[in-house]
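Participant: A structural model of the following input is requested.
(2 chains)
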2 protein chains.
Amino acid sequence: MEKDSEQMAETTNQQERDMESNSLHQPLLKRNLTLSSSPLALVGAKVSYIESLDYEINENDLFKHDWRSRSQAQVLQYIFLKWLLAFLVGLLTGLIATLINLAVENIAGYKLLAVVQYIDNKRYMMGFLYMTGVNFLLTLVATVLCVFFAPTAAGPGIPEIKAYLNGVDTPNMYGATTMFVKIVGSIGAVAAGLDLGKEGPLVHIGACIASLLGQGGPDDYRIKWRWIRYFNNDRDRRDIITCGASSGVCAAFRAPVGGVLFALEEVATWWRSALLWRTFFSTAVVVVVLRAFMEYCKDGACGLFGQGGLIMFDVGGVPVRYHVADLIPVTVIGIIGGVLGSLYNYLLHKVLRLYNLINAKGKLAKISLSLAVSLFTSACLYGLPFLASCTPCDPSLVDSECPSTGRMGNFKQFNCPKGHYNDLATLLLTTNDDAVRNIFSTNTPSEYRVFSLVIFFILYCILGLFTFGIAVPSGLFLPIILMGSAYGRLLGMAMGPYASIDQGLYAVLGAASLMAGSMRMTVSLCVIFLELTNNLLLLPITMLVLLISKSVGDCFNPSIYEIILELKGLPFLEAHPEPWMRNITVGELADVKPPVVTLSGIETVGRIVDVLRNTTHNGFAVVDSVGQVSEVHGLVLRAHLLLVLKKKWFLQERRRTEEWEVREKFTWVDVAERWGTIEEVAVTKEEMEMYVDLHPLTNSTPYTVVETMSVAKALVQFRQVGLRHMLVLPKYHGHGVPPVVGILTRQDLRAHNILSAFPHLEKSHTSKKGR
Amino acid sequence: MEKDSEQMAETTNQQERDMESNSLHQPLLKRNLTLSSSPLALVGAKVSYIESLDYEINENDLFKHDWRSRSQAQVLQYIFLKWLLAFLVGLLTGLIATLINLAVENIAGYKLLAVVQYIDNKRYMMGFLYMTGVNFLLTLVATVLCVFFAPTAAGPGIPEIKAYLNGVDTPNMYGATTMFVKIVGSIGAVAAGLDLGKEGPLVHIGACIASLLGQGGPDDYRIKWRWIRYFNNDRDRRDIITCGASSGVCAAFRAPVGGVLFALEEVATWWRSALLWRTFFSTAVVVVVLRAFMEYCKDGACGLFGQGGLIMFDVGGVPVRYHVADLIPVTVIGIIGGVLGSLYNYLLHKVLRLYNLINAKGKLAKISLSLAVSLFTSACLYGLPFLASCTPCDPSLVDSECPSTGRMGNFKQFNCPKGHYNDLATLLLTTNDDAVRNIFSTNTPSEYRVFSLVIFFILYCILGLFTFGIAVPSGLFLPIILMGSAYGRLLGMAMGPYASIDQGLYAVLGAASLMAGSMRMTVSLCVIFLELTNNLLLLPITMLVLLISKSVGDCFNPSIYEIILELKGLPFLEAHPEPWMRNITVGELADVKPPVVTLSGIETVGRIVDVLRNTTHNGFAVVDSVGQVSEVHGLVLRAHLLLVLKKKWFLQERRRTEEWEVREKFTWVDVAERWGTIEEVAVTKEEMEMYVDLHPLTNSTPYTVVETMSVAKALVQFRQVGLRHMLVLPKYHGHGVPPVVGILTRQDLRAHNILSAFPHLEKSHTSKKGR
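Facilitator: I've put the predicted structure just below:
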């Protein structure tokens, strides 16, 4: 499977190459020896140019002046606002999560109540038509919104957030439209009974809220508050988006600590304990908001929403007793989880590639695909319970418990006579959340038949594979929990009298094992499951199951999020350099790149325009020549060159400017903005002859490495410090030696790109990283 | 208090300066303008030279060759061994924690049973003498061991581990003697009823186990296994010590997830998700070991040990109901916790300084101090309950519950008539763990009188301040929990009928608030309390309390661990640069340091010996001169120069060596060793005239910065990449410009040291960091 993943990446790369054929400085013949550094990736539905983020402090004259002039009051204000933003992120995420839950539970609840009504009256066909119709309409709304208004809202959004926090900016991911479509689409898709969860979308929604708050409003109607200027940089946005992502997880699972840990383990690349604390504050706000609404809605003030309480799938009531012998089934569950999880990753990857082909056929194809999945799902959910036979109720249960009436409950009557229940209907004819609750139900050892659970498992394997890729907001957590709990419970039943652990707990362990087998998280999953199920005594065996599943899964393929990142072509930088990266130096890398583009400290406007038009680089080395010796002054960003051109800060003669001249023209806010593209700039012919003093706008202290440094070592610096450009300096200075050997970016340091330029490294390439 | 902390640091620094007066290159007159970079700190009882750790990959010829020659099998072996070590660390920590618990509960238990026996027979004086005598002896054993055999075993050890993981090596911290003394001393001190916990010591023990395993045995009898060589570097030792520290916390609180998070939030400086996973594995092993022993000991096979189960202070049985109105007392607890916590930090700091003066008087003074504290503690624990009046038992309780007989139980009879109990004896005449259990007891609203709780609180405030600094292994967690729970429960009683939260839960919240107020952790404390008390529904209010306490405490002074770090003079690097660091460049820093010591690429033996004898630097720039131009080749470590001198790898003539010559002489293992001091090297007069080719041993790619970079930016790189030396290069090269401007170390980048050399920065110094 390792090989397959390689091959897939090859294909993606092939596509990238095709798209870049018209880009500059890419000699056709030298291709195999050139580092492909094309900034293209699949964002939403289409291939877009992506940019890297810059977490480096851009130390130019303007910045330095700004820092010197900041007063103590401004610093305190900044700190206060950081916390205010964290509070608002938590508050809004909590409110929107409540809104989504409220909408889903009411829509799906009343739909199911009507269906149950039809069935009670034996009008089976009408029930089927009603359910299918409603689901069809709900899916239609979700998919049309996604396809026409915000293609980036489809899917979970977690891989893109992960990439963002690693330093990859994807366009249109955190806009107001995306957020709106994600909210409505998620309500529609989940209420339509599709096999997907609202967890991933909630994480994305949390990140959108954070991003919108951080930049002071949606792009078009941006509120230009003075204080927002402090947050208009990549570093602060990264922090606030981390808060948003954890708030999302917290809201999805009502798991505040799990949310923080999820952001820490899976999503974030950089971390420090101050951020841990702020994230924790956001999730605390979320959980207080959720709890307040539940308190308020408890007595039916919110329709069908509000039952259940803060713990979603409570299995806290069961005493957990286990002995050494129980370690055997626990190990078995762990191994099954690892194998099935990696198999799921493998198959899902195949399906997603197939879906990419279908989606490429146009918007109608996408919508049809979603609707087909919806019809299939409805048919299965409604039709399959007819295959199951009726079970008489346990006489120890009171009448109101079995068969259960209404929307919830563990013993659905469906087509059965009085005093009997249909166990498959209990699992299928309900919302996904309730299905999990029912399959986790404890102290009910003979509730489900093997036949029903097998059908349930197979159905959700199929649905889990084919639902995820359709054009609606979808999360992966719930489908995996459903699949995993089925085989967990089956194993518990197979253990029968030998098991001292309750069947419901087996279902929990099964769900945990498949999660770890597919997503490869440990600590955060452990805490999320603890907070979901409220059973602390289960913790030691949950830990074992998670560790075994993750280890087994890691033998086969990477985690599902990494697969999706790779599939989308997002240039994610791993924490650990590959061992063979020690055998190649950054100088060798720089050699196979096109020669570095340098600008003079005082440059003509014409040359700047020319360079901006004819390259796609985002950073240029600024070199001062004094006599015959040329020395590097620093690095200037494309955005700042565009700023100069737009503001027409041109000089008649070739001279250095004074500090006041610059400060008069530009403010710190200008420098933080993004200034569009070169195509929007109009420069007259006379202006082309004029000069620009680049010194004040140049970052005079970019992080640098010497050309003899190994790529492994340079990568550590690049990732740890959070760079966008890294200047490679020559080892020895002297006449004729260029002062800058090259500029390396994120793309240049990716293992795959290096290997395609230096195939001989492959033979020393060991597939295992030194974890 | 900010000012006081400053002043204290000043004093520490003054001491440092006095000690360094005889060091080199420190002109007396220029002192105020010189960066004080004295590597001195208080380790155990005496001021020692400390070294920095080197997490950088030392890329020299030998290293490169070693990497190229590593086979795939060796890489796999390395990974396997990493996991094996993590397993062994968990296993041994679990075993030793069980051993400590078993010893403490049996010693303290039988002691208390005997005391109760005396009291039942009204032989009060004998009871007092017996208890005081036993406690005296136990304290004597603990303190004598600490004072004579391992001074580094006194105290918690957590600050030193924190400093180690930040990159500061303290001598004699992780040896076999230290570990042994820590184990025995901890048993003695805890069993003696002193107001200290076994939590901090267990963290240190875990780190010792990890360190000893990682280096293949104690220093004197080191097992020279071939595979150990892979771990004989600072990077791998850091990882394994992180595992050890979390295993220790896990073993102390039986909190596997809390242990991982504690290591993450409080102890570790660098972190990556692969390490998170390995740490999690270690703690899972610990918890399985603990559980297995508890299962085994449940039926009395281990004496008095084994009651209680995996959850230490279970309050899971109480339903948690709370409304908006309950937020007020919760806020009050949080604020009180923050104020008292910072007050505690302030006072403890004063006491520790006083104790430092006493301890300086000699070993006898130290031992007397410990014994005096022991006598005072025994007298209070035994005598104070006589002040409390007897309470009649609640008639709803059965006879066996009240008054409780034996060692444990919530209603101690003490001197009371039958059918009555002494509530203060319940809290005092017991082990610390049981005292916490008793004060956390739920559904017992009228168990304690206000008078008793006030006495309890005052007593533990006094003991908590005066016990921590004595020369025995001591932890801070339990004293703080005891203090906090007292005022928490008092507040709960004051709320009386208005409170809808149980008094026991108030006690839990009080303990949490004081912890956060003093230690300033959030997420890890939250999880530890969750795992300690098994009440998930308490989570949201625990989070609020923790956040409020930490915020309030942060207004006054830093966390207790930071205070201890500062007091000991350990050069800890904070994650966040101070704002004023943007206004000073690394070039300015390098200017006020003594000129950088450079060696030629091919250097005479005499010069090397001279440089090693006359400086204390650990790294030297190697400069090649080609004609008039001199270029920097890299950085050579003191350890490698000593290696060359010891192995006498001298050349007769000034020439470059071939790669095989070096490989013949040195192996990778030699390079990883530490090679003693220059005093141990004997070089003859003829040899002094010979040459050494430093090129193959020089790290040819040290991380570098340009002199114009701000200290803030350089600090980010220094800390994130984990450097020991950072080379400062000139901005412009040319004739007469030295190729290296300076070498910065950890000490040079510490805020306090910079401020003492550049006092004018102070005025722009804002006390708040941009958190």
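Participant: Any stretches of chain A with poor pLDDT?
Facilitator: A:1-47, A:63-70, A:217-232, A:306-311, A:317, A:398-400, A:405-408, A:668-675, A:762-771 (pLDDT under 70).
Participant: Taking the centroid of it, which residue is nearest it?
Facilitator: A:I158 (1.4 Å; CA atoms, centre = their mean).
Participant: Tell me if I'm right that that residue and A:H204 touch.
Facilitator: Yes: if you go by CB atoms under 8 Å, A:I158 and A:H204 touch, sitting 7.1 Å apart. Quick note: C-beta positions are derived from backbone N, CA and C, even for glycine.
Participant: The residue in the stretch 401-550 of chain A that chain B sits nearest to - how many residues pack around it?
Facilitator: Using CB to the nearest CB, the closest approach of the stretch 401-550 of chain A to chain B is made by A:M543 at 4.1 Å. For A:M543, the neighbour count with other CB atoms under 10 Å in any protein chain shown is 25.
Participant: C-terminal to the helix or strand hosting it, what's the next element?
Facilitator: Using DSSP states H and E, A:M543 maps to helix A:539-554. Next along the chain after helix A:539-554, taking DSSP H and E as the criterion, comes helix A:560-568.
Participant: residues contacting the residue in chain A sticking out farthest from the centre?
Facilitator: What lies farthest from the middle of chain A is A:G627; by CA atoms, centre = their mean that is 51.9 Å. Listed by CB atoms under 8 Å, 6 or more residues apart in numbering or on different chains, A:G627 has no contact partners.
Participant: All the helices of the stretch 101-250 of chain A, residue numbers only.
Facilitator: Secondary structure of the stretch 101-250 of chain A (DSSP state H, counting those that start in this stretch): helices at A:124-148, A:158-166, A:176-191, A:199-215, A:234-253.
Participant: out of the ones you listed, nearest to chain B?
Facilitator: helix A:234-253 (9.9 Å).
Participant: and the angle from that closest one to helix A:199-215?
Facilitator: Inter-element angle recorded for helix A:234-253 and helix A:199-215: 140 degrees (by axes from the mean of the first three to the mean of the last three CA atoms, to 10 degrees).
Participant: Just the CA atoms of stretch A:702-721, as PDB, please.
Facilitator: What follows is stretch A:702-721, C-alpha atoms only, in PDB (Å, rounded to 0.1, in the frame of the first residue of the first chain):
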ATOM      1  CA  PRO A 702      15.700  36.800   7.000                       C
ATOM      2  CA  TYR A 703      16.600  33.400   8.400                       C
ATOM      3  CA  THR A 704      19.600  32.000   6.500                       C
ATOM      4  CA  VAL A 705      21.400  28.700   6.200                       C
ATOM      5  CA  VAL A 706      24.800  28.000   4.700                       C
ATOM      6  CA  GLU A 707      24.900  26.000   1.500                       C
ATOM      7  CA  THR A 708      26.700  23.000   3.000                       C
ATOM      8  CA  MET A 709      23.900  22.300   5.500                       C
ATOM      9  CA  SER A 710      22.000  19.100   5.000                       C
ATOM     10  CA  VAL A 711      18.400  19.300   4.000                       C
ATOM     11  CA  ALA A 712      17.500  17.400   7.200                       C
ATOM     12  CA  LYS A 713      19.000  20.200   9.400                       C
ATOM     13  CA  ALA A 714      17.600  23.000   7.300                       C
ATOM     14  CA  LEU A 715      14.100  21.400   7.300                       C
ATOM     15  CA  VAL A 716      14.200  21.400  11.100                       C
ATOM     16  CA  GLN A 717      14.900  25.100  11.100                       C
ATOM     17  CA  PHE A 718      12.300  25.800   8.400                       C
ATOM     18  CA  ARG A 719       9.500  24.000  10.100                       C
ATOM     19  CA  GLN A 720      10.300  24.900  13.700                       C
ATOM     20  CA  VAL A 721      10.700  28.600  13.100                       C
END
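Participant: tally of neighbours for A:N753?
Facilitator: 20.
Participant: Run through the helices of the stretch 401-550 of chain A in chain order.
Facilitator: Using DSSP H, counting those that start in this stretch, the helices assigned to the stretch 401-550 of chain A run over residues A:423-428, A:432-439, A:450-467, A:477-495, A:503-519, A:523-533, A:539-554.
Participant: For B:N166, which of these is the nearest?
Facilitator: helix A:523-533 (22.1 Å; CB to CB).
Participant: For that closest one, enumerate the helices and strands it packs against.
Facilitator: helix A:234-253, helix A:256-262, helix A:503-519, helix A:539-554, helix B:256-262, helix B:273-297 (3 or more CB pairs under 8 Å, 6 or more residues apart in numbering or on different chains; DSSP states H and E).
Participant: related to what we said a few turns ago, and the helices of the stretch 401-550 of chain A as TSV, adding distance to A:V632?
Facilitator: As requested, the helices of the stretch 401-550 of chain A are exported to TSV (distance: least, CB to CB, whole Å):
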stretch	distance to A:V632
helix A:423-428	67
helix A:432-439	58
helix A:450-467	53
helix A:477-495	49
helix A:503-519	44
helix A:523-533	44
helix A:539-554	43
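Participant: so which of the ones you listed is the most packed in?
Facilitator: Mean neighbour count (mean count of other CB atoms under 10 Å in any protein chain shown) peaks for helix A:503-519 among the helices of the stretch 401-550 of chain A, with a mean of 30.
Participant: quick check, distance from that helix to the centre of its chain.
Facilitator: With CA atoms, centre = their mean, to the nearest Å as the basis, helix A:503-519 stands 22 Å off its chain's centre.
Participant: repeat for stretch A:314-323
Facilitator: Relative to the centre of its chain, stretch A:314-323 is centred 34 Å away, using CA atoms, centre = their mean.
Participant: ok, back up a step: what residues are up against the residue nearest to the centre of chain A?
Facilitator: A:200, A:203-204, A:245, A:266-267, A:561.
Participant: And it, how close does it get to A:S474?
Facilitator: 11 Å (CB to CB, to the nearest Å).
Participant: what is in contact with these two at once?
Facilitator: Common neighbours of A:I158 and A:S474 (CB under 8 Å, 6+ apart) are A:G200.
Participant: Write out the residues of the stretch 551-700 of chain A neighbouring chain B.
Facilitator: A:575-576, A:579, A:582-583, A:629, A:631, A:700 (CB under 8 Å from any CB of the partner chain).
Participant: now those as JSON lines including secondary structure and neighbour count?
Facilitator: Formatted as JSON lines, these follow (DSSP: H, G, I helix; E, B strand; the rest coil; neighbours: other CB atoms under 10 Å in any protein chain shown):
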{"residue": "A:A575", "secondary structure": "coil", "neighbour count": "17"}
{"residue": "A:H576", "secondary structure": "coil", "neighbour count": "16"}
{"residue": "A:P579", "secondary structure": "helix", "neighbour count": "18"}
{"residue": "A:R582", "secondary structure": "helix", "neighbour count": "21"}
{"residue": "A:N583", "secondary structure": "helix", "neighbour count": "18"}
{"residue": "A:V629", "secondary structure": "strand", "neighbour count": "15"}
{"residue": "A:E631", "secondary structure": "strand", "neighbour count": "17"}
{"residue": "A:S700", "secondary structure": "coil", "neighbour count": "22"}
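Participant: Can you spell out which helices and strands pack onto the helix holding A:M543?
Facilitator: helix A:327-359, helix A:503-519, helix A:523-533, helix B:256-262, helix B:273-297.
Participant: switch the cut-off to 7 Å
Facilitator: Secondary-structure packing of helix A:539-554 (3 or more CB pairs under 7 Å, 6 or more residues apart in numbering or on different chains; DSSP states H and E): helix A:327-359, helix A:503-519, helix A:523-533, helix B:273-297.
Participant: Phi first, then psi, for the nearest residue to A:L641 once chain neighbours are set aside.
Facilitator: The shortest distance from A:L641 to any residue other than its chain neighbours is 5.6 Å, reached at A:I608 (CB to CB, 6 or more residues apart in numbering or on different chains). Here is the backbone geometry of A:I608 (degrees, to the nearest 10): phi -60, psi -50.
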